[in-house]
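[1] Please find the sequence and the predicted model below.
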Amino acid sequence: MTAHTGDVETAEAALADYGGRARAAMLDALPDGSPGPWLYDLLRSYPSRPGKALRPTLFLATCEAFGGSAESAMGVAVAIELLHNAFLVHDDIVDGSLQRRGSPTLHEDAGLGLALNAGDALGALAQRQLRLSIDSLSGRVASQVLEEFETMLMRTAEGQATELGWCRDGVQDVGPEDYLDLIMHKTCWYTTIHPLRVGALIGAAVGVADGADGTQPDLDAMIRFGFHLGAAFQIRDDILNLTGDDRYGKEIGGDLLEGKRTLMLIHLWEHARGADRDLVQRFLTAERATRSIEEARRVRALMDRYGSIDFATAYATGVAAEATTAFEIAFAPALARDPNPGADAVRSMITYMHGRLS
């Protein structure tokens, strides 16, 4: 899939509009108080840094595509983005990351304990924001939205546990299908599937209340589309972690040092032979603290030699193509209304998320 200028421009405009409004609303929703330097100031650390706000953008655009309005759904968008920032704080602690969005991670800056507590508080604020934001919905729809949040939280925890378990136990027998199952839980559910499903639910409910035709979204179709969209995004992110530049915002090669089973590392393990395979095996089974930068560089060089990055790039292109087909099915009820700027914005994110450079 080649990046089309029109798609990229549409996506960037959507991120600036939907995402910009959601980020501003999130900062407004963050409380002030005491203890400031040890809690409330820290809550603003990641939300204040430049970010794309992909998740609230997908949610708000989908909501509008199915008959709702971004203005009335902004509170839920804030909850989604607050939870994302809570996840980032915790992920950085677990991964021992040094950079986030071009600056030191919160635990590097404030210390492990305060960062962990701030991440917990961000999660609590996300839940409170969600509770306050669904009061205007019918009891049935409000219950569905709460259930969607609970499902997303557990799917994400399952994916995180699987990835951490693979690394801790030195699991080697992992193939591309296992990787896709992992990111279905760890990445896709909360990055794409959840915003799409909840956006469609709320948008359709608001649309009916406002006198729309009452066409209900196919939430199962949203899972398929969200999976392919999120998978293309995650594979591209994994590649950027090896090949990116200063625009990436995180330390290059961090995933490799952590031993994360990316498509590139899986491909290399499956194809390396002789002394090369022995090196990869030692690297996979080593504890994080014992992996050296020099070993990581040697494994990275092997990825070039065995075509592992080219393999992952081609794989992501195929997944993104599947996302385009799945979009047309999932958004068919919305596409019956033409024009539909919300649906156009979501469609443009396929090209943008697959072809991004940072």
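    In hand now; what should we look at? This is a predicted model, so every value here is computed, not measured. Numbers count the residues shown, from 1 in each chain.

[2] ok, then the element right after the helix of greatest length in the chain?
    Across the chain, the longest stretch assigned as helix under DSSP state H is helix 139-168. Using DSSP states H and E, the helix or strand that directly follows helix 139-168 along the chain is helix 176-183.

[3] Show me what the next helix or strand after that next one is packed against.
    The helix or strand immediately downstream of helix 176-183 is helix 194-209, counting by DSSP H and E. Packing partners of helix 194-209 (3 or more Cβ pairs under 8 Å, 6 or more residues apart in numbering; DSSP states H and E): helix 54-65, helix 70-95, helix 139-168, helix 219-243. For the C-beta atoms, the positions are set from N, CA and C on the backbone; glycine is no exception.

[4] Just want the angle from the shortest one to helix 194-209.
    With axes from the mean of the first three to the mean of the last three Cα atoms, to 10 degrees as the criterion, the two stretches helix 54-65 and helix 194-209 enclose an angle of 20 degrees.

[5] angle of helix 54-65 against helix 70-95?
    With the same axes, to 10 degrees defining the directions, helix 54-65 sits at 160 degrees from helix 70-95.

[6] please begin residue numbering at 22 from this point
    Noted, 22 is the first residue going forward, which turns the last one into helix 75-86.

[7] Show me the shaky parts of the protein.
    Scanning the chain for pLDDT under 70 picks out the ranges 22-26, 228-236, 266-272, 377-379.

[8] Could you check how far the residue nearest the centre of it is from Ser157?
    Closest residue to the average C-alpha location of the chain: Thr212 at 3.5 Å, with Cα atoms, centre = their mean. Going from Thr212 to Ser157 by Cβ to Cβ, to the nearest Å gives 26 Å.

[9] How about Ala333?
    Using Cβ to Cβ, Ala333 is found at 44 Å from Ser157.

[10] out of these two, which sits in the busier spot?
    More crowded of Ala333 and Ser157, by other Cβ atoms under 10 Å: Ala333, with 24 against 15.

[11] quick one, what contacts Val99?
    Ala43, Ala46, Met47, Ala50, Pro77, Gln150, Ser154 (Cβ atoms under 8 Å, 6 or more residues apart in numbering).

[12] Excluding sequence neighbours, find me the nearest residue to the first one.
    Right, Ala43. Distances taken as Cβ to Cβ, 6 or more residues apart in numbering put Pro77 closest to Ala43, at 3.6 Å, once the chain neighbours are dropped.
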